[in-house]
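>>> The following block contains a protein sequence and its predicted model.
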There are 2 protein chains.
Amino acid sequence: MNNLIIEKKFFPSSNSEKQIYETLFHVANGYIGTRGSLEESPIHPGTYINGVYEEIDLEHAEPLFGLPKKKDSIVNIGNLQGLNIYINKIKVDFSKCHVLNFYQYLDMEKGVLSRNTTYKDINNNEITINTDRLASFTHPNLIHFSYSININNDKELCVESFTTNKVSNYVKKDDPRANHKVLAPIIPQSSTNTTLTSEINNSKIKILVKVHYITNHNKNIVHDENTITCTIKNKSSIYFEKNVLISDSIRKLNIDSKEIYFDDYKLKTEQENYLKKFWDISKITIGNDDQLEKGLNYNLFQLEQSRSIDCYGHLGAKGLSGEGYEGHYFWDTEMYCQPFFTLTNPQISKTLLKFRYNQMNQARDNAKRMGHKKGVLFPWRTISGKECSGFFPAGTAQYHINCAIAYAIIMYYRVTDDKEFMLNYGMQMLLEICRLFIDLGNFYEDRFEIHEVTGPDEYTCLVSNNYYTNVSVKYDLDNLLQISNSLNFKIDEDELIIFKNAADKMYLPKSEKLKICLQDDSFIEKPIWDLKNTDEKEFPLLLNHHPLELYRYQVCKQPDVVLANTLYPNYQTKEYIENSYEYYKKITTHDSSLSPTVFSIAASRLNKNNEALNFFGNSALLDLENLKKNTEDGIHTANMGGCYLAIIFGFAGLKIKNNILSINPILPKNWTNYSFNLFFQGSRINFIIKKGNGEIISNQDIEIEVNDKITTIKGCSENEY
Amino acid sequence: MNNLIIEKKFFPSSNSEKQIYETLFHVANGYIGTRGSLEESPIHPGTYINGVYEEIDLEHAEPLFGLPKKKDSIVNIGNLQGLNIYINKIKVDFSKCHVLNFYQYLDMEKGVLSRNTTYKDINNNEITINTDRLASFTHPNLIHFSYSININNDKELCVESFTTNKVSNYVKKDDPRANHKVLAPIIPQSSTNTTLTSEINNSKIKILVKVHYITNHNKNIVHDENTITCTIKNKSSIYFEKNVLISDSIRKLNIDSKEIYFDDYKLKTEQENYLKKFWDISKITIGNDDQLEKGLNYNLFQLEQSRSIDCYGHLGAKGLSGEGYEGHYFWDTEMYCQPFFTLTNPQISKTLLKFRYNQMNQARDNAKRMGHKKGVLFPWRTISGKECSGFFPAGTAQYHINCAIAYAIIMYYRVTDDKEFMLNYGMQMLLEICRLFIDLGNFYEDRFEIHEVTGPDEYTCLVSNNYYTNVSVKYDLDNLLQISNSLNFKIDEDELIIFKNAADKMYLPKSEKLKICLQDDSFIEKPIWDLKNTDEKEFPLLLNHHPLELYRYQVCKQPDVVLANTLYPNYQTKEYIENSYEYYKKITTHDSSLSPTVFSIAASRLNKNNEALNFFGNSALLDLENLKKNTEDGIHTANMGGCYLAIIFGFAGLKIKNNILSINPILPKNWTNYSFNLFFQGSRINFIIKKGNGEIISNQDIEIEVNDKITTIKGCSENEY
């Protein structure tokens, strides 16, 4: 059995299920993505470019000083998948067809989405449509389709394939998480030969789409601009390939005309070769749980499809699979997704960090807008670099976005030892982030405090001394001091003293009585939400309760403190970490998809093997099984990254200490073994965890802390531990 | 000199100054108001009906559960003041005229606005326009105008007077305090004879406007629907009167046809008689400060113009003078304006309270929306009774609106002893208000705490244990218990125990070290805003700083704690009251017009005579001198009421104890004396404060606590104290 194939054997039973398929089977390469629509009966066959946005008005019910007046929104740049079928010149109405056969599958080793569908229409014609498609990893501007279509009789079959930029974004009502507005359709500027040029109304970004068809039916073809029409008779098949090349004016509005002629064979071969290298380092195997293994690797494949290939794009909360969250980039990328790249393909991590670096000026402007005299404040949600939050208490006030970026920089450096990056980019970002926090916080009675921020748990906003934020800032300051010292990166002496003082005096609220960390200064004084007597229909609470009601209670969307103790365990004793885990477990709704994997990691670290597995639960299948009921809006990339973290940092207990890797693995019940690979400071290391002794294989000698003991791994030999 | 005349001798120098005149000289009678525009060159001659609103969409930048989707907005129902002048059939362009003479004055004894203006046009014609107008207090549906117009030569003078409902609301950009949107113009439904009927687009409220002209120039008149056109020659004057009768479908869409024929003499006589009674009880005299006396009495006159005459309207933040704050009713009414009525004309207070009573069902729905299982939560801003806040942290979260209403009920009862009102209305409201607070708060470590509310000081939002709110709720609970007991009003025993327990255990945050009351749990830990080094242009801070920046600092728009100690002095020691006053004084910007009078009262109570006078400063002239630079949007009714409080509760030191009135007067420097009247439990009392012994005159025997000593005042004789 091949665990790198995701398949659906049943035709989607409703429009809503069609939309889920469209998300699950989107193909993307980090630059472009197109949804996995059924060409002949699509719901929303959107196509997106990483980093390309429209600027739309952000109207506030009560305008206050400094609120953003515009926001970015990802743009559906076109429908590349147009397909009409005619039998004896009458258009087939697929809504009235009977489905005789359906099989759609994504082969993640090949990087190809395939589909075989046979319909019977109202005139008893049997129409078979076989298609393949791929978003080329080796030619990022290129999306490739192949079609083989026939009918079971000798009537005239005519197939029309087309591409159009007369499209609009998807509109969904009433769910605040999918707050898209219609974008004005992109105005077609010119339409010559096989090229569509569009300009996005306000952002003025230009899009170039060029289409080329390859077919062996030359004599029966009408080839007109972006449309091909093939006509045949007598049961023979129509076969053609379609290459769509896309570029945009943020990068270079240019298309490599060679690429447009690449054929199916060449593109599929290159795609498979690319993915061979990807899986070689990325694949996770789980002994005795195929479904989990499949889900996990699907998630890693999606991260690869979503991450930008250049510094003009990043990694959206929904990747390139849909328009949920308006295509914005959040802290999710750095905190949940980026560790996967840092450990398996650090070049990608570097690209993602440079994207943030390039937006430092906007982050400085954002800091000024918020009244800061120094430093940078990265926007809570953005594409272009400008803050796009519509509700600042659960948006801009989440200053911990800065900490997420700092965390990604520090992990990148610890894993790669890339001093050049640090000296040219990383340290400047880290320094400016720390400056912001010094300006944000203040000393009070010999403590450094931070007021009026919102932690990751959006069920409490605008609090004083959010544990998560405070401990994150302490970590950033400590690392700034340590790394700047070791790299000889010059920081003004006066500033150093303030940084050190703030780090040393950082206030980390806790309850001596309960021996737990406190989410913030007032959290513990509030009544506890009665989760046991809350009807299932009430969840997620944010869709059924006014924010102010949620704020009044001890109830978490996701566990601030537990996440903090997972990321920064050295700042707390095991007793407080364990008690906090138990305390917050009882009051967390997991209304955020980021929540369960965090608990899973925490449970693993506390050797609560069963709980770790229970929390991990179906996280790996969250999108594949549409567990959050909103996969139609796009995949949940943060959860996908979170699953990786749960394996590596949770079950395997990986920690990246300053100069050494440490693991402390547990083997969940029912798993016979699991394994994964990573790079650490130049070594390529394969971990195999199994009953009894595990194995660590490295391509060169390296010391690793295994179960708290330093162990020397000899290069290229199997090392039991 | 008559201190009841407000006059302007200079023609407004700009459109902006014209708009200020339009506000200052609006005429209103609590039911309708029309702005004091110059008929021949108006800027925004708006007319408003108390309680009449349009429902407009409230679009949120980020929709969250439970946010209001519509808001009320006051409606400009028409221009009653249309006037065109033609000389030899050519329309006079007043923008090109030279003003030879201008005198506009509001006679508050007569309740008439008068204006004499002489222009010279580009053809050297001298045109004189003399007008009077009044909004009749005795015939609330009626606005009356009289016009006398002539030119200085024998050319043909033609005057056209008209009324129209083809109008829209005023639009002003960039100031969040004047966040009006354009209302769709009211659709004229029919237009027969001299009656205009309109329907407001969404609220479907109907408006009837009927116009009648009285003139002695019958032969030269064309009388066409709502327009009169008079033409004369040879220097004679055109004189006519215009009666506009207005009604609406919230009340009764009906016009008393008798009233339309009332003439100038009858209306002015009745108006003066009405105001004679008003001034008899309301007038405040200040010895040796005419300007202040004039300002104070102007303010009281405006309160009388603004308060509703029935339970379908209330008293807006801008009265009926403009569209600022969209005509909404806030806590201002109960807390700042209503004491004036309670003490001088308690019938009006009762009407205002019944308005709130009638909106109890909406307040119950509002409580449910906010997640409460019991009680009522009055909306922070409303016309119709529905919450219209666009930004809940500085809107709905101000739960103290409930306390303001409770305070007004309690004061009304203490002053009037109106048991019938209490048993039929007041106690139910008080009970439901207290129920809400029990549901809102929670016990924590033997304290009753209230989380996630916003106090009156909007420069800090969503806090725990706001001193103002907590102490207000304690007052409400204590009074509920005491009054229900004395009136034998039945409350469930279980509930009584909870009320008592919450009152007794109410947490009132304070600093033992500084010996001050703390605005909230985290306030003291924040850094202090550097007011000394803040440029004058930065004020008001809310127009130049992001709310989150303001929230991070100890800086007040208005003084929460100081106000609380003024209203509820019995819950704090003098030491804490005085220290708090000093502490918050240093960090208050007075960016709210409600702020200085509160400090003035507090200073008087602390016998800081000079400070009390300094804080009182120009408050009485805030609108007359446009000190807040936004009088064009409407008058500041809360400040007007606040000035009254500063005299009565501040300088005179009036306190309403359970069954007795107490005064503790000071005489500000330079005042030779001051005096005022009030009703207390059936007695009409006149207080004269002067150097040496003051005087108290009562119409019947009464005991009053004077300078902490119980004094018996003999009825109808002068009583020195």
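It's in. Numbers count the residues shown, from 1 in each chain, chains lettered A, B, ... in the order given.

>>> now residue A:197, which residues is it bridged with?
Under DSSP bridges, the beta-bridge partners of residue A:197 are residue A:190, residue A:208.

>>> Surely it is in contact with residue A:210?
No. Between residue A:197 and residue A:210 there is no contact under C-beta atoms under 8 Å: 9.6 Å. Bear in mind the C-beta positions are built from the backbone N, C-alpha and C, glycine included.

>>> Compare the two (neighbour count), which wins?
Legend: neighbour count by other C-beta atoms under 10 Å in any protein chain shown for residue A:197 and residue A:210, higher for residue A:210 (23 against 19).

>>> which helices and strands sit right next to the helix or strand where that one lies?
Remark: residue A:210 resides in strand A:206-215, with elements defined by DSSP states H and E. Packing partners of strand A:206-215 (3 or more C-beta pairs under 8 Å, 6 or more residues apart in numbering or on different chains; DSSP states H and E): strand A:157-164, strand A:195-199, strand A:221-224, strand A:227-232, strand A:238-248.

>>> Can you list the strands that the longest one pairs with?
So that's strand A:238-248. Each strand paired with strand A:238-248, and its direction, by DSSP bridges: strand A:142-151 (antiparallel), strand A:206-215 (antiparallel).

>>> lowest-confidence stretch among those?
Per-stretch mean pLDDT for the strands paired with strand A:238-248 is lowest at strand A:206-215 (a mean of 89).

>>> how far out from the middle of the chain is it?
Remark: strand A:206-215 is offset 28 Å from the chain centroid, using C-alpha atoms, centre = their mean, to the nearest Å.

>>> tell me the mean pLDDT over stretch A:293-311?
For stretch A:293-311, the mean per-residue pLDDT is 97.

>>> cool, stretch A:678-685 as well?
Mean predicted lDDT for stretch A:678-685 stands at 96.

>>> next one: stretch A:31-40
Stretch A:31-40 comes out at a mean pLDDT of 98.

>>> Quick one: residues contacting residue A:433.
Listed by C-beta atoms under 8 Å, 6 or more residues apart in numbering or on different chains, the contact set of residue A:433 reads A:375-376, A:402-403, A:405-406, A:476.

>>> Which of those fall within helices?
Applying DSSP state H to the contacts of residue A:433, the entries found in helices are A:402-403, A:405-406, A:476.

>>> The residues you listed: which two are farthest apart?
Greatest spatial distance in the ones in helices among the contacts of residue A:433: A:405 and A:476, 9.5 Å, computed using C-beta to C-beta.

>>> Just the element for residue A:266, please.
Per DSSP H and E: residue A:266 is located in helix A:264-282.

>>> so that helix versus strand A:142-151, what angle?
Comparing the axes of helix A:264-282 and strand A:142-151 via axes from the mean of the first three to the mean of the last three C-alpha atoms, to 10 degrees yields an angle of 120 degrees.

>>> Report all helices and strands that helix A:264-282 contacts.
Contacts defined by 3+ C-beta pairs under 8 Å, 6+ apart place helix A:264-282 against strand A:126-135, strand A:142-151, helix A:290-306, helix A:338-344, strand A:673-680.

>>> what's in contact with the helix or strand that the longest one is followed by?
Same thing as helix A:290-306. Using DSSP H and E, the helix or strand that follows helix A:290-306 in sequence is helix A:332. With C-beta under 8 Å, 6+ apart as the test, helix A:332 has contacts from A:317, A:594, A:637-638, A:641.

>>> Relative to the whole chain's centre, how far out is helix A:332?
Centroid separation for helix A:332 versus its chain: 7 Å, with C-alpha atoms, centre = their mean.

>>> Any regions of chain A where pLDDT drops low?
A:1, A:172-194, A:217-220, A:222-226, A:717-720 (pLDDT under 70).

>>> who's in contact with the spatially most central residue of it?
Most central residue of chain A, judged by C-alpha distance to the mean C-alpha position with C-alpha atoms, centre = their mean, is residue A:637 at 2.8 Å. Residues counted as contacts of residue A:637 (C-beta under 8 Å, 6+ apart) are A:302-303, A:306, A:315-319, A:332-333, A:336-337.

>>> change it to 10 Å
Residues in contact with residue A:637 (C-beta atoms under 10 Å, 6 or more residues apart in numbering or on different chains) are A:299, A:302-303, A:305-307, A:315-321, A:330, A:332-333, A:336-337, A:593, A:623.

>>> next one: residue A:575
Per C-beta under 10 Å, 6+ apart, neighbours of residue A:575: A:515-516.

>>> Now do the residue in chain A sticking out farthest from the centre against residue A:126, distance only.
Distance from the C-alpha centroid of chain A, by C-alpha atoms, centre = their mean, peaks at residue A:154 (48.2 Å). Distance from residue A:154 to residue A:126, counting by C-beta to C-beta, to the nearest Å: 13 Å.
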